[in-house]
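S.K.: the following block contains a protein sequence and its predicted model.
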Amino acid sequence: MTEPTDAHVPGPRPPGGDRRRSKVAVVGAGAVGSTLAYACLVRGAAREVVLYDVDRARVEAEALDIAHGVAFTPMGTVDGSDDVEICRDADVVAITAGAKQKPGQSRLDLAGATIGIMRDLVPRLVAVAPEATVVMVANPVDVVTYAGLQISGLPATRFFGSGTVLDSSRLRYLVARECGVAVQNVHAYIAGEHGDSEVPLWSSAVIGAVPLLEWGRRTGAEGVLDRAVRERITEEVVSSAYRIIEGKGATNYAIGLAVTRIIEAVLRDERSILPVSTRLEDYLGISGVCLSVPCIVGKDGVLRRLEPDVSDDELAALRRSAEKVRAVSAQFGF
Ligand SMILES: NC(=O)C1=CN([C@@H]2O[C@H](COP(=O)(O)OP(=O)(O)OC[C@H]3O[C@@H](n4cnc5c(N)ncnc54)[C@H](O)[C@@H]3O)[C@@H](O)[C@H]2O)C=CC1
Ligand SMILES: CC(=O)C(=O)O
């Protein structure tokens, strides 16, 4: 297997990236996949979006419904098929085909079913789109990324998971609401598992130019983000998916936008810092597992993993999260 050494980050990126080569294949046209395809077109992330699903009626219907709206989007096309050939020569393949949680199930409960899908699916995708950057979305995303990476034989830089990009946007939303500032000015990451053991990196979080942990003292709003509030926010982030699934059976809008951001970072060679799930080797003492940490993402995929300042508690929680994910991967022989 190719070693996941951090690639050298080359010089300045081309302004706007190269949008001529922009075919995105979305695998799975369910709640997440169809919303992702829609978000890609609405944001103008790619020129060509294709949907692939084993359910022919569904995939054709979703593609047609989206196609009827492209008159109102930036330049783009959409098509759908139950033939994997539709994914040929895609620049990015986003895999949303997987088991989904029923109320009460954790993401880790889905490992066996989703890995079963990947054993057959990933080799067929690599055969038709060997140069693609692959973004795994199906759950449990860290375990499935680790398995899919090994099944694919691709370099770890080009096969990674959407990780905690969604969880971090949930965190930023809640912090912004608490402080009364724009969510875009909250720079905070969730690391670790995309799931119950995830870890908010409070120590390195910044609001505007103010360290998050100093926000209350420096703004004269004592107590605004004190320990009790941070614990409540953490609990709300961790339970978000359960709450939404209880109410409507799936989460789809925020994940559709989150994965679109990752795709934009790749296709536009943005070198954006996003907490995607990649295979870690000797990262803060963690190896042999896919987990989210802040990474530089560009056209060659994950260019570098960054090491933020972490407290002793955060580091210990990150290592516990790694153990938990690694144990589930091992149950399935990965
Ligand atoms: N990573 C993240 O942050 C998030 C991950 N998810 C995960 O995304 C996955 C999809 O969720 P939903 O769209 O709600 O599920 P869904 O059940 O609505 O859609 C899954 C689709 O995959 C298709 N499919 C199954 N096997 C296939 C195969 N071998 N080839 C092609 N298509 C296949 C099904 O026909 C179905 O249309 C789940 O695993 C879910 O847990 C959901 C939200 C957030
Ligand atoms: C379902 C899921 O993984 C999420 O919404 O976070």
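M.R.: Arrived safely, thanks for sending. Residues are numbered from 1 along each chain as shown. Ligands and ions are numbered 1, 2, ... in the order given.

S.K.: tell me the contacts of L280?
M.R.: L280 sits next to 4, 286-291, 293, 305, 322 when contact means CB atoms under 8 Å, 6 or more residues apart in numbering. For every residue, glycine as well, the C-beta is placed using N, CA and C.

S.K.: same thing with A132?
M.R.: Per CB under 8 Å, 6+ apart, neighbours of A132: 25, 90-93, 125, 158.

S.K.: of these, buried ones?
M.R.: Among the contacts of A132, those scoring as buried are 25, 90-93, 125, 158 (criterion: 16 or more other CB atoms under 10 Å).

S.K.: so which of the residues you listed sit within helices?
M.R.: Counting by DSSP state H, the part of these found in helices is L125.

S.K.: which ones among the buried ones among the contacts of A132 map onto strands?
M.R.: Assigned to strands by DSSP state E, the following of the buried ones among the contacts of A132 qualify: 25, 92-93.

S.K.: just put the residues you listed in JSON lines and tack on pLDDT.
M.R.: Putting these into JSON lines (pLDDT from 0 to 100) gives the following:
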{"residue": "A25", "pLDDT": "98"}
{"residue": "V92", "pLDDT": "98"}
{"residue": "V93", "pLDDT": "98"}
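
S.K.: whichever residue of the stretch 101-250 of the chain sits closest to ligand 2: neighbouring residues, count only.
M.R.: With CB to the nearest ligand atom, the shortest gap between the stretch 101-250 of the chain and ligand 2 falls at A241, namely 3.4 Å. The local packing of A241 (other CB atoms under 10 Å) involves 23 other residues.

S.K.: now the one 3 residues further on
M.R.: Residue neighbour count, defined by other CB under 10 Å, stands at 15 for I244.

S.K.: surely it and T251 touch.
M.R.: Yes. Under the criterion of CB atoms under 8 Å, I244 makes contact with T251 at 4.7 Å.

S.K.: and the average pLDDT for the lengthiest helix in the chain is what?
M.R.: Longest helix in the chain, counting residues (DSSP H): helix 227-248. Taken as a whole, helix 227-248 has a mean pLDDT of 96.

S.K.: shaky segments in this structure?
M.R.: The model of the chain has pLDDT under 70 over residues 1-21.

S.K.: same thing but 90
M.R.: 1-21, 75, 102-104, 221-223 (pLDDT under 90).

S.K.: can you map out the helices along it?
M.R.: Under the criterion DSSP H, helices of the chain are mapped to 31-42, 56-67, 111-128, 141-152, 165-179, 215-219, 227-248, 253-267, 312-331.

S.K.: out of these, which is the most enclosed?
M.R.: helix 141-152 (a mean of 27; mean count of other CB atoms under 10 Å).

S.K.: what is the nearest of the buried ones among the contacts of A132 to ligand 1?
M.R.: Of all those, ligand 1 sits closest to L125, with 9.1 Å by CB to the nearest ligand atom.

S.K.: for that closest one, which residues are in contact?
M.R.: The neighbours of L125, taking CB under 8 Å, 6+ apart as the test, are 25, 27, 84, 87, 93, 95, 132, 134, 152.

S.K.: so who does the last one touch?
M.R.: With contacts defined as CB under 8 Å, 6+ apart, S152 is in contact with 122-123, 125-126, 134, 159.
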